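Participant: Provide a 3D model corresponding to the input given below.
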Amino acid sequence: GSLLLAVHFYSSLRAAPVIPSTALGILLLILSSLLAYAGIWRSLRNATLFSSLFLTISVFWCGYGVVFILDGQGVLNDTGDFRNALVPGLVTFTLALLIIAVVGFLNKEVILAVIASAVSLASAHEVAMHYNTAFVSSAVACNYVIVCLAGGYFALGRILYFLTKEKVAIPGTDLDKNKAHEQIQSTSGSMNHFAVTGLILNMLSASVFGCRLLGITSKLFIGQVPWLWAAGIYQIGVCILSYRAMDVLTATFFSFTSILKFAGGYCLLYPIWQTEEPTFPIPFLVVFSILFAVLALFLTLKSLVDGLYLLFYVAYCIALACRPKGFFEGGPQGVDVAIFVASALMTLIHLYNVKAGAKIPTGKGVVKALLASTSFLKLREGANLHTPYLGYSKYADAEVLGYACSVLASFAITVTGDPQAPLATVVIPWVVVAGGILKLLSGSVAFARGKTLESSAFILYAVMWIIWGLTRYGDLYGTSRSFHTAVGIIAFMLFNSFIVFCTLFLNITWFFYSLTFLLIAVSFLLDAIGALPAGYDIAATLIFGLVSFYCFLSALFNSTFEGSCLPMGRPLVQLSGMGGGMTKCLHLPARKASSVKRIADILKNGGTCGIPTDTVYVLVAACNRPDAVEKAHRSKRQAQERPMSLWISSLKQLEPAKHLFSPLLWDFMDAAWPSPISLVIPRGEWVDFLGMKDSAKYVGTPQSVAIRIPDCSVTTHLIDLVGPIVVTSANPTGEADTTHHNQVYAKLGDKVDAVLCNGPSPENIASTVVDCTKIDSGNIGFFRVGIVPKSQVKLILISFILP
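Facilitator: Numbering: from 1, shown residues only. Here you go, the predicted model:
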């Protein structure tokens, strides 16, 4: 990328540049996407400085590239347009990359610091070049050549490192020590390594409007939209990565600020369709400032400085509400300047504290210590703070964002705009981005966490907000298409009616949340057919907005504090077995050894558990606990023709009774296991060697017992800890096999003590059950052909036993 820019600036004085502006812009966009991938890849491995550098330059070249494309396509025609478009971004990245360079030098990351400082100087020279002809483009090109040389040196070092199998490491290119250091730091305390990029993006958007106030740029126009929308898009990405980092509050904050960036860019596009500057819905901005204030209070629990930083956005929303022309007036632009300075300081603090031994004080834990001295509120803490009810997830809960988006979207349409000029008021970005795009994001995260109903509702409402926001406030439908719009709204209302019915079994709050959205849909329908009573739409949006605000507060309180400060309520209709797993049954992730040990302790103490296997989920109990085996038999409603089977972890557990098995049967068991093959063998005295005692009457039949060794490391490790276990499928007799831990909750959640969660089963078919009662005569039969076909079982018998 730097090579392209070096060639561009060296040849810019020529009549015909070597690389046309449009081509350069497209190439920069491609390179910015590759840099974003590299930044995320490094971020997931805790290389904070590297990821910050990659993502920062990625945003820079993304906005930079689009500006070059606009210039190449003749959009920036007026004198000074190209300068006015470029300078806000160049100013931001001059300072941001300088901060990264300084922290890099302090932490002896020389190559990184050289690259960051060279790009920063290139940007500074380019700004100077646009305002003073004494500065020529060759100075900018020289800085980019330095980046090429430093990058080439680093690449050479890494190539040699891999080719010599880690024996040769050129100074400054060995990342192993840095990686080990950061891994130690990451285990000592949780930190969101993506916050730095989000703060730099806040600097970028503030620079666009702040430069106009300070006179650095002469106007606000379409040429600055690429910076704002690039910042908004990347900030949504930072929001997603923050959920991956289990940082709910920071993710919600960056999603809020992304809304402002999209709205700012949207407003700069207004001259395309009208001459007057747009007006802003005051109720929305007041509510937005309240949401920022609430979020600031909760962020003070994490860091006092972070909470105070959010107050700048509270002031920003108030300033926008006080000035009818919003982003175009001096008050909000003055707050933008303050946000730029505050974001730069926060970037420095976050970057420095990630790497340095001596930290810059941020008031971390101050408010938490004050709360600890009171008994009114107790913070939720621990390793399982973000563990969902069903299994585990790579994402923290996004319901806070989902409810907040509902609040914003509903209050955005409380304004009574001019039906003849719907675009005169800024409504579309608030409804489409907040109610639509970000709500889709929260619905997707909810789905990833196993919340099927909540995710379905969020996604449905998001689609509704997007379609209605664009059609109603984008003036895309009139009287000729009102019937078609009404039909679509009725279809959405039918879907939502089903969701309302389902929420009867979830909780009271969700029931009212979905029911009040039905009022919103009714107002949409009445508006579409031209029969909307005066004031009904305002009343519907206020009711839905207030219910959504309660849900927002409840989700925040319940995810931060123990107990039910603001309860969501109980289900209006409680069915036997439904939701039992969420309230009574432990859910433990199978990927953790501590979870397997805890399941083993439960089984040893006479409990029953649902566990994953190499086929479907099963219900298990310890052989030496007759009470547990009887409990499993009752909870399953086991039919006599479907007896329970026996599982072991290795043939060593049967070694003391080996003399009781025929040599042919023993060799066949040794050849067939571990695998999803259950062998039905003659019942005998060997059963007593497993310590079954009174449990034996529930296992197998009086003549035979089904036994196998599963081909699943989690299951065999559990059996090693507990001993032989009694097994049956984790579903009531006569129902389909259970292929996900969610199904175990749904079918047996209130009848088992715990579920070991491992997501979907590797197979949807149960084991093959082979009749070995007559194997000594060379014959085997099949009670059930499952995942292993008959031919494969017979091949084992022929190949290993009867050569």
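Participant: for Val770, helix, strand, or coil?
Facilitator: strand (DSSP: H, G, I helix; E, B strand; the rest coil).
Participant: burial count for it?
Facilitator: Using other Cβ atoms under 10 Å, Val770 has 27 other residues around it. For every residue, glycine as well, the C-beta is placed using N, CA and C.
Participant: Below-threshold pLDDT in the stretch 601-750 of the chain: ranges please.
Facilitator: 636-642 (pLDDT under 70).
Participant: Kindly recompute the last result at 90.
Facilitator: Residue ranges of the stretch 601-750 of the chain with pLDDT under 90: 614-616, 623-644, 651-672, 683-703, 728-750.
Participant: quick one, strands of the protein?
Facilitator: 586-589, 609-611, 618-622, 645-647, 677-682, 704-708, 725-729, 754-757, 768-771, 781-784 (DSSP state E).
Participant: export these to TSV and tack on distance to Gly545?
Facilitator: What follows is these, written out as TSV (distance: least, Cβ to Cβ, whole Å):
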stretch	distance to Gly545
strand 586-589	34
strand 609-611	41
strand 618-622	46
strand 645-647	55
strand 677-682	58
strand 704-708	58
strand 725-729	48
strand 754-757	36
strand 768-771	58
strand 781-784	57
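Participant: Mind checking the ones you listed for the one nearest to Cys565?
Facilitator: With Cβ to Cβ as the criterion, Cys565 lies closest to strand 586-589 of the strands of the chain, at 23.2 Å.
Participant: How far off centre is the closest one?
Facilitator: 20 Å (Cα atoms, centre = their mean, to the nearest Å).
Participant: Please name every helix or strand in contact with it.
Facilitator: helix 593-604, strand 754-757 (3 or more Cβ pairs under 8 Å, 6 or more residues apart in numbering; DSSP states H and E).
Participant: so for that strand, what's the average pLDDT?
Facilitator: For strand 586-589, the mean pLDDT works out to 82.
Participant: Alpha carbons of that strand, in CSV - could you do that?
Facilitator: This file holds the C-alpha atoms of strand 586-589, laid out as CSV (Å, rounded to 0.1, in the frame of the first residue of the first chain):
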residue,chain,number,x,y,z
LEU,A,586,-26.8,-27.1,35.9
HIS,A,587,-25.4,-26.4,32.4
LEU,A,588,-21.7,-27.0,32.1
PRO,A,589,-19.5,-26.6,28.9
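Participant: which neighbours does that strand have in its sheet, and in what orientation?
Facilitator: Applying DSSP bridges, strand 586-589 is found paired with strand 754-757 (parallel).
Participant: Residues touching the partner strand, excluding its own?
Facilitator: The contact list for strand 754-757 (Cβ atoms under 8 Å, 6 or more residues apart in numbering) reads 390-392, 581, 585-590, 595-596, 598-599, 602, 607, 609-612, 714, 718, 741, 744-745, 749.
Participant: What subset of those residues is buried?
Facilitator: Among these, those buried by neighbour count (16 or more other Cβ atoms under 10 Å) are 390-392, 581, 585-590, 595-596, 598-599, 602, 607, 609-612, 714, 718, 741, 744-745, 749.
Participant: Next, count neighbours for Gly363.
Facilitator: With other Cβ under 10 Å as criterion, Gly363 counts 14.
Participant: give the contact list for the closest residue to it other than its chain neighbours.
Facilitator: In this structure, Gly363 finds its nearest non-sequential neighbour in Leu304, 2.6 Å apart by Cβ to Cβ, 6 or more residues apart in numbering. Under the criterion of Cβ under 8 Å, 6+ apart, the contact partners of Leu304 comprise Thr362, Gly363, Lys364, Val366, Val367.
Participant: Looking at the residues you listed, which are in helices?
Facilitator: In helices, defined here by DSSP state H, the members of these are Val366, Val367.
Participant: What's the separation between the nearest residue to Leu35 once chain neighbours are set aside and Asp771?
Facilitator: Among residues not flanking Leu35 along the chain, Ser58 sits closest, at 3.8 Å (Cβ to Cβ, 6+ apart). Note on Ser58: its distance to Asp771, by Cβ to Cβ, to the nearest Å, is 63 Å.
Participant: Of the two, which one has the most company?
Facilitator: Ser58 (25 against 17).
Participant: Confirm for me that that one is in contact with Ala36.
Facilitator: Yes - with contact defined as Cβ atoms under 8 Å, Ser58 counts as touching Ala36 (4.3 Å).
Participant: separation between the nearest residue to Phe447 once chain neighbours are set aside and Ser444?
Facilitator: Distances taken as Cβ to Cβ, 6+ apart place Ser455 nearest to Phe447, at 3.7 Å, with adjacent residues excluded. Relative to Ser444, Ser455 is positioned 7 Å away (Cβ to Cβ).
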